[in-house]
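[1] I need the structure of the sequence given here:
(one chain, ligands or ions: 1)
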Amino acid sequence: MLRHIPSLGPSGVVTSYIDAFKYILHGHEMIEDGYHKYYRAAFKIPTMSRWLVVVSGPQMFDDIRQATDEQLSFREAIAELIQTDYMIGPKIRRDPYHVKSVRMQLTRNLGARFSDIKDEISAAFNDLIPAKDNEWFSVPTYRTVVKIVCRTSNRLFVGLPLCRNSDFRALTEQFTMDVIMGGQIISLFPMVLKPIVGRLLTKIPSNIRRTVLHAGPIIQARLDQEEVMGDSWADKPAKEAQGEQRTVQDVSLRLLSINFASIHTTSMGLTHILYDLATYSEYVKPMREEVEAIVEAEGWTKASMGKMRKLDGFVKESQRLAIGSQSIMRKALKDFTFSNGLTVPAGTHIVFATHSTHLDEINYEEPQKFKGFRFAEIREGEGEGLKHQMVSLSPEYTTFGTGRHACPGRFFAVNELKTMLAFVLLNYDVKLTTHGRPQNHWFQGRCSPNKSAELLFRKRTS
Ligand code: HEM
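    Numbering: from 1, shown residues only. The predicted model follows:
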């Protein structure tokens with residue numbers, strides 16, 4: 001029972017539905033309100049399918065970081081919130097070996113594959129935003145960004161020429177949207193009906209068939225090559241797949257799952273960055289100078305990208321303000337007691353108040369203000385160089401979560417976002433078509449960039 005945890009509004013079985021409706025469009029305002037009333041403690045919010053317990057403060061963050069999977073489960077929370085069992089199947093929850101592949105093989109290969117990533121970014125931008133002369137032209141931002149990110153990410157996942165294949169791209173771009181939309185519909189149904197509705201909505205069998213059609217030969221070739229080379233191939237791409245998992249069908253499912261985790265998160269990130277670049281144009285010149293100086297001295301490498309602190313800080317600041325109001329979702333599998341004494345019973349869904357944390361004066365000076373070099377300036381302090389880079393995890397910066405389930409793709413995502421920003425800075429001028437930055441959209445506490453706004457691009461003039 002959650003009776004000991006305060007709620008913001010009525011908590012009766014029927015009356016709580018008033019707030020559950022309000023949460024759909026105003027969840028972020030409710031959580032901001034609760035954060036200030038119950039900072040470092042907890043409050044509960046009703047949603048259509050369950051109560052969410054919202055926690056805050058560095059201590060509770062650290063309790064989540066240290067909790068084991070048997071205490072607070074990331075996968076069980078995601079499975080219920082996104083209904084992944086019905087939309088993708090239970091395999092990826094029960095046996096998520098692909099997460100280890102992202103953490104190990106994919107991340108370790110970023111340096112060696114950097115020139116491929118850079119090449120795909122140039123090719124994708126040139127195809128999709130061809131700036132041939134000095135005329136401004138309008139680009140539907142989000143739709144274009146998804147295509148660029150999908151191509152670039154899949155250059156790393158499956159390589160050329162498949163990453164440019166139009167049917168494969170359409171499949172991977174659409175897959176995430178189908179899963180999220182389907183999951184939202186299934187969550188409205190009672191438990192007994194979910195498998196039936198899931199079977200009607202899921203496109204996973206046909207999606208796997210399409211993936212096998214396109215990627216099957218590459219996957220089979222890699223599996224065969226691994227058998228031949230054995231342990232002499234240290235970074236085998238499918239190394240984590242064992243026994244029955246070493247089939248083209250199973251690896252195809254993992255490929256779709258990694259696309260699910262990466263494409264829309266990174267695309268939303270890049271869209272926010274471009275809106276910020278067009279809005280706060282005073283940052284363009286110093287960032288161009290940084291990129292040009294480092295590239296001239298060291299060329300385009302993963303290591304040279306790591307030295308671009310202004311870029312890193314700009315990307316980090318953009319994501320600081322763009323985060324949803326709740327993240328770091330966990331489900332308590334047993335009664336769990338936080339170090340402030342609060343106990344939540346088994347079955348409770350816990351989320352951390354991420355947006356409010358990023359907007360708290362305790363953590364940031366003038367937190368509402370976009371300060372593109374906020375983090376680059378902090379990093380100039382003695383001993384502060386690494387702690388404040390974008391990939392670092394901390395209780396004040398929660399974009400990539402915490403603990404053993406912190407985003408394993410963050411090294412790739414940050415590298416990709418910075419290389420894309422560097423490419424835009426060196427090749428284009430970018431301008432708003434609207435008065436002021438396009439407004440973010442909020443739905444059930446989640447924040448998305450405006451998906452219909454356009455930006456003006458032209459070939460760089462100065
Ligand atoms: C800007 C882009 C991205 C953002 C903001 C982001 C954010 C996150 C967050 C918040 C989590 C959950 C962390 C937690 O609850 O503690 C997560 C998990 C995950 N992310 Fe990312 N992510 C991004 C890009 C990527 C990319 C590019 C990949 C793959 C290449 C990826 C793969 C994953 C996977 C596999 C998990 C699940 C981890 C697990 O099961 O333990 N993400 N991500």
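[2] check contacts around residue 314.
    Neighbouring residues of residue 314 by CB atoms under 8 Å, 6 or more residues apart in numbering: 273, 276, 277, 283, 287, 372, 373, 376, 421. Just so you know, the C-beta spots here come from the backbone N, C-alpha and C atoms, and that holds for glycine as well.
[3] next secondary structure after the helix or strand where it lies?
    According to DSSP states H and E, residue 314 maps onto helix 309-322. Downstream of helix 309-322, the first helix or strand assigned by DSSP H and E is strand 327-332.
[4] partners of that following strand in the sheet?
    When sheet partners are counted by DSSP bridges, strand 327-332 sits next to strand 72-73 (antiparallel), strand 349-352 (antiparallel).
[5] need the ones you listed in CSV with mean neighbour count, distance to residue 135 and mean pLDDT, can you?
    Shown next, in CSV, are these (neighbours: other CB atoms under 10 Å; distance: least, CB to CB, whole Å; pLDDT from 0 to 100):
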stretch, mean neighbour count, distance to residue 135, mean pLDDT
strand 72-73, 23, 54, 98
strand 349-352, 23, 46, 98
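[6] mind checking which of the ones you listed is nearest residue 246?
    Checking the strands paired with strand 327-332 against residue 246 by CB to CB gives strand 72-73 as the closest, at 27.0 Å.
[7] any residue of the closest one touching the ligand?
    No. Strand 72-73 lies apart from the ligand when judged by CB under 6 Å from any ligand atom; the minimum separation is 10.1 Å.
[8] contacts for that strand?
    With CB under 8 Å, 6+ apart as the test, strand 72-73 has contacts from 64, 330, 331, 332, 333, 336, 350.
[9] cutoff 6 Å now
    The list of residues contacting strand 72-73 from outside it, by CB atoms under 6 Å, 6 or more residues apart in numbering, reads 330, 331, 332, 333.
[10] out of those residues, who's nearest the ligand?
    Checking these against the ligand by CB to the nearest ligand atom gives residue 330 as the nearest, at 7.4 Å.
[11] okay, and the beta partners of the closest one?
    The partner list for residue 330 in beta bridges (DSSP bridges) reads residue 350.
[12] okay, now it: neighbour count?
    A count of neighbours around residue 330, defined by other CB atoms under 10 Å, yields 27.
[13] what's the mean pLDDT across the helix holding residue 314?
    Averaged across helix 309-322, the pLDDT comes to 98.
[14] in JSON lines, list the strands paired with strand 327-332 along with distance to residue 48.
    Converted to JSON lines, the strands paired with strand 327-332 look like this (distance: least, CB to CB, whole Å):
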{"stretch": "strand 72-73", "distance to residue 48": "22"}
{"stretch": "strand 349-352", "distance to residue 48": "13"}
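[15] quick one: which of these is nearest residue 1?
    For residue 1, the closest of those is strand 349-352, at 14.3 Å, according to CB to CB.
[16] what's the burial count for residue 49?
    17.
[17] ok, and the closest non-adjacent residue to it?
    Residue nearest to residue 49 in three dimensions, not counting chain neighbours: residue 187, with 4.9 Å by CB to CB, 6 or more residues apart in numbering.
[18] what's the spacing between the residue nearest to the spatial centre of the chain and residue 199?
    With distances taken as CA atoms, centre = their mean, the residue of the chain nearest its centroid is residue 265 (3.4 Å). Distance of residue 265 to residue 199, given as CB to CB, to the nearest Å: 28 Å.
[19] where in this structure is pLDDT low?
    Residues of the chain that meet the criterion pLDDT under 70 lie in 228-243, 245.
[20] quick one: whichever helix in it runs longest near the ligand?
    If you go by DSSP state H, the chain has its longest helix at helix 248-279. Yes. Using CB under 6 Å from any ligand atom, helix 248-279 reaches the ligand at 258, 261, 262, 265, 266, 269.
[21] save these as CSV, and put in distance to residue 311 too.
    Written out in CSV, the entries for the residues of helix 248-279 next to the ligand read as follows (distance: CB to CB, whole Å):
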residue, distance to residue 311
258, 25
261, 24
262, 20
265, 19
266, 16
269, 13
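[22] quick one: name the residues of the stretch 1-150 of the chain near the ligand.
    Residues of the stretch 1-150 of the chain lying near the ligand (CB under 6 Å from any ligand atom): 74, 96, 99, 102.
[23] give me the three-state assignment for the residue nearest to the last one when sequence neighbours are not counted.
    The one in question is residue 102. Leaving aside its chain neighbours, residue 102 sits nearest to residue 408 (4.5 Å; criterion: CB to CB, 6+ apart). Using DSSP: H, G, I helix; E, B strand; the rest coil, the structure places residue 408 in coil.
[24] look up phi and psi at the residue of the stretch 51-200 of the chain found nearest the ligand.
    In the stretch 51-200 of the chain, no residue comes nearer to the ligand than residue 99, which is 4.4 Å away by CB to the nearest ligand atom. Backbone torsions for residue 99, taken as degrees, to the nearest 10, come to phi -60, psi -40.
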